[in-house]
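>>> give the three-dimensional model of this entry:
(one chain, ligands or ions: 1)
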Amino acid sequence: MIPVTKPFLPKIQEFGEYMSAIWERQWLTNNGPLVNELELNLKRYLDVKHLLYVANGTIALQIAIKALGLKGEIITTPFSFVATTNSIVWEGCKPVFVDIDGETFNIDPKKIEAAITPDTTGILATHVYGNPCDIDAIQEIADRYGLKVIYDAAHCFGTKYKNKSVFEYGDISTTSFHATKLFHTIEGGAVFTQCPDLLKKMALMRNFGHDGPDEFSELGINGKNCEFHAAMGLCNLKQVNEILDKRRLLSFYYWRALSNLEAKYPKLNDSLDYNYAYFPVLFNSEELMLRCLKALENEKVYCRRYFYPSLAKLPYVTATHLPVCDSISKRILCLPLYHTLTCSDLDLITRVILRVQNYDNPVNDVKQDLMMVNNNQLA
Ligand SMILES: *Cc1c(COP(=O)(O)O)cnc(C)c1O
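Numbering: from 1, shown residues only. Now for the predicted structure:
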């Protein structure tokens with residue numbers, strides 16, 4: 001069986017050493033030493049000034065929206081994981097969907113201005129598959145209209161844009177360290193900001209607003225994380241460069257093996273150090289994609305339709321028809337990509353896909369007939 005992803009797991013002895021230390025200290029959660037160590041090591045690894053480790057990538061988004069005081073309408077992308085939209089609705093705001101760019105699959109900045117109303121307070125965009133949005137264009141619009149910008153950077157671990165961590169862009173960036181992400185702490189996430197006041201506010205917010213044992217200076221929630229998850233993060237961080245290298249090689253193998261496939265891949269941003277977080281393939285038709293999906297399932301290869309359906313079709317939002325997103329979300333498939341995938345796995349996956357495409361192409365049937373005739377009658 002080949003799943004779409006597999007979590008990295010460290011050596012159990014290594015994790016066990018952290019567990020013994022936790023048993024020794026009997027300090028399980030509430031800003032413990034491992035959470036602090038993980039925050040420090042992440043700052044160093046990512047080369048970012050500030051970061052707060054939180055319980056998951058969804059609470060990170062909710063805290064970001066709350067900390068910026070966003071109300072009313074938030075402009076957002078329909079092409080992301082459902083948590084992006086949910087966090088907006090959960091915080092009592094209205095998601096206003098803007099269509100995506102047909103090349104990068106990120107929110108199309110050219111279409112943002114038309115969606116701005118007097119109720120708009122912010123933009124929440126996702127760097128889809130770890131490929132940064134058109135950050136400069138989005139910031140320019142935000143500055144002109146006085147809007148706040150949040151980036152859902154859940155796919156962006158290790159990604160750099162213009163030689164700087166992608167996490168340092170926008171008023172706040174958020175990420176997820178869920179087990180399905182390339183760096184994970186089982187469950188977990190983080191918020192990033194360059195603004196000291198926002199950082200302080202979010203630090204209070206993630207811990208009930210506690211400002212001293214009997215003081216509460218902010219409306220807060222339980223957004224903190226624990227020693228056990230931090231231990232997993234500390235183990236995995238030591239291995240993350242090898243994981244990134246392996247994913248890069250696997251992606252190049254895919255691109256080469258599928259070079260005859262009539263499909264498209266996201267156009268990667270120019271000033272980018274990419275992290276190979278996913279391997280999305282945009283097929284020419286939904287029918288061909290579904291046939292590949294089925295053929296792969298017959299070989300026990302399980303892909304995922306990331307992201308389908310369009311978030312603008314969720315039952316609790318104002319249904320919005322967005323032609324580019326509607327078309328892309330129907331035709332896209334993410335192929336398996338994880339650190340222990342082998343060449344023979346990739347050979348199987350790419351062979352199945354190419355076979356479906358060739359079978360689809362009637363010229364190939366004629367070609368085969370022609371070859372038979374040549375062999376039998378003219379040899
Ligand atoms: C995974 C993911 C999230 C949610 O993260 P959790 O840690 O699972 O809450 C949010 N947005 C995007 C784009 C994601 O891929």
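>>> torsion angles phi and psi at His210?
phi -60, psi 120 (degrees, to the nearest 10).
>>> gap between it and the ligand?
23 Å (C-beta to the nearest ligand atom, to the nearest Å). For glycine as for every other residue, the C-beta is placed from the backbone atoms N, C-alpha and C.
>>> beta partners for that residue?
Beta bridges link His210 to Phe216 when assigned by DSSP bridges.
>>> hey, which strand is longest across the protein?
strand 120-126 (DSSP state E).
>>> check which residues of it are buried.
By 16 or more other C-beta atoms under 10 Å, the buried positions in strand 120-126 come out as Thr120, Thr121, Gly122, Ile123, Leu124, Ala125, Thr126.
>>> now the next helix or strand after it: buried residues?
Under the assignment DSSP states H and E, the closest C-terminal helix or strand after strand 120-126 is helix 135-145. Neighbour-count burial for helix 135-145 flags Ile135, Ile138, Gln139, Ile141, Ala142 (criterion: 16+ other C-beta under 10 Å).
>>> hmm, which two among these are most spread apart?
Ile135 and Ile141 (11.2 Å; C-beta to C-beta).
>>> returning to that earlier point: filter the buried residues of strand 120-126 down to the ones near the ligand?
By C-beta under 6 Å from any ligand atom, the members of the buried residues of strand 120-126 lying near the ligand are Thr126.
>>> average pLDDT for the longest strand of the chain?
Averaging pLDDT along strand 120-126 gives 98.
>>> list the contacts of Ala154.
Gly57, Phe81, Ala83, Thr126, Thr174, Thr175, Ser176, His178, Lys181, Gly189 (C-beta atoms under 8 Å, 6 or more residues apart in numbering).
>>> of the residues you listed, closest to Asn275?
Using C-beta to C-beta, the contacts of Ala154 come closest to Asn275 at Lys181, 10.2 Å.
>>> pLDDT score assigned to that closest one?
97.
>>> that one touches Cys156, doesn't it?
No. Shown here, Lys181 and Cys156 do not form a contact pair, counting by C-beta atoms under 8 Å, at 9.7 Å.
>>> the more surrounded of the two?
Cys156 (31 against 21; other C-beta atoms under 10 Å).
>>> wait, isn't that one in contact with Thr175?
Yes. Using C-beta under 8 Å, Cys156 makes contact with Thr175 at a distance of 6.3 Å.
>>> overlap in contacts, those two.
Common neighbours of Cys156 and Thr175 (C-beta under 8 Å, 6+ apart) are Phe167.
>>> picking up where we left off before, what sits in contact with each of Lys181 and Cys156?
Common neighbours of Lys181 and Cys156 (C-beta under 8 Å, 6+ apart) are Ala277.
>>> ok, Asn236 to the ligand distance?
For Asn236, the distance to the ligand - C-beta to the nearest ligand atom - is 15 Å.
>>> hang on, I meant Glu113
In terms of C-beta to the nearest ligand atom, Glu113 sits 24 Å off from the ligand.
>>> wait, doesn't that residue sit right on Ile141?
Yes. At 6.1 Å, Glu113 and Ile141 qualify as touching, with contact defined as C-beta under 8 Å.
>>> phi and psi next, for the nearest residue to Leu335 once chain neighbours are set aside.
In this structure, Leu335 finds its nearest non-sequential neighbour in Phe279, 4.5 Å apart by C-beta to C-beta, 6 or more residues apart in numbering. Phi and psi for Phe279, reported as degrees, to the nearest 10, are phi -120, psi 80.
>>> spell out which parts of the stretch 151-300 of the chain neighbour the ligand.
Checking the stretch 151-300 of the chain against the ligand by C-beta under 6 Å from any ligand atom, the hits are Asp152, Ala154, His155, Ser176, His178, Gly189.
>>> thinking Leu261 is in contact with Val352, fair?
No. Using C-beta under 8 Å, Leu261 makes no contact with Val352, being 11.4 Å away.
>>> neighbour count: these two, which is higher?
Applying other C-beta under 10 Å to Leu261 and Val352 shows that Leu261 carries more neighbours, namely 21 against 18.
>>> which ones are touching the more buried one?
So Leu261 contacts Val281, Ile353, Leu354, Gln357 (C-beta under 8 Å, 6+ apart).
>>> swap the cut-off to 7 Å and go again
The contact partners of Leu261, by C-beta atoms under 7 Å, 6 or more residues apart in numbering, come to Ile353, Leu354, Gln357.
>>> which stretches of the chain form helices?
Secondary structure of the chain by DSSP state H: the helices cover 12-25, 33-46, 57-67, 82-90, 135-145, 196-205, 227-237, 240-257, 286-298, 323-331, 343-360, 362-377.
>>> determine which stretch of the ones you listed is the most buried.
Most buried of those, by mean neighbour count (mean count of other C-beta atoms under 10 Å): helix 57-67, with a mean of 26.
>>> ok, so of the contacts of Leu261, who is nearest the ligand?
The nearest member of those to the ligand, counting by C-beta to the nearest ligand atom, is Ile353 at 24.0 Å.
>>> now that closest one. Nearest residue, chain neighbours left out?
Cys292 (5.0 Å).
>>> correct me, but Leu293 touches Arg304?
No. In this structure, Leu293 is not within contact of Arg304 by C-beta atoms under 7 Å, at 9.5 Å.
>>> once you drop chain neighbours, what's closest to the residue in the stretch 1-150 of the chain that the ligand sits nearest to?
Relative to the ligand, the nearest point of the stretch 1-150 of the chain is Gly57 (2.6 Å; C-beta to the nearest ligand atom). For Gly57, ignoring the flanking residues on the chain, the nearest one in space by C-beta to C-beta, 6+ apart is Ser176 at 2.6 Å.
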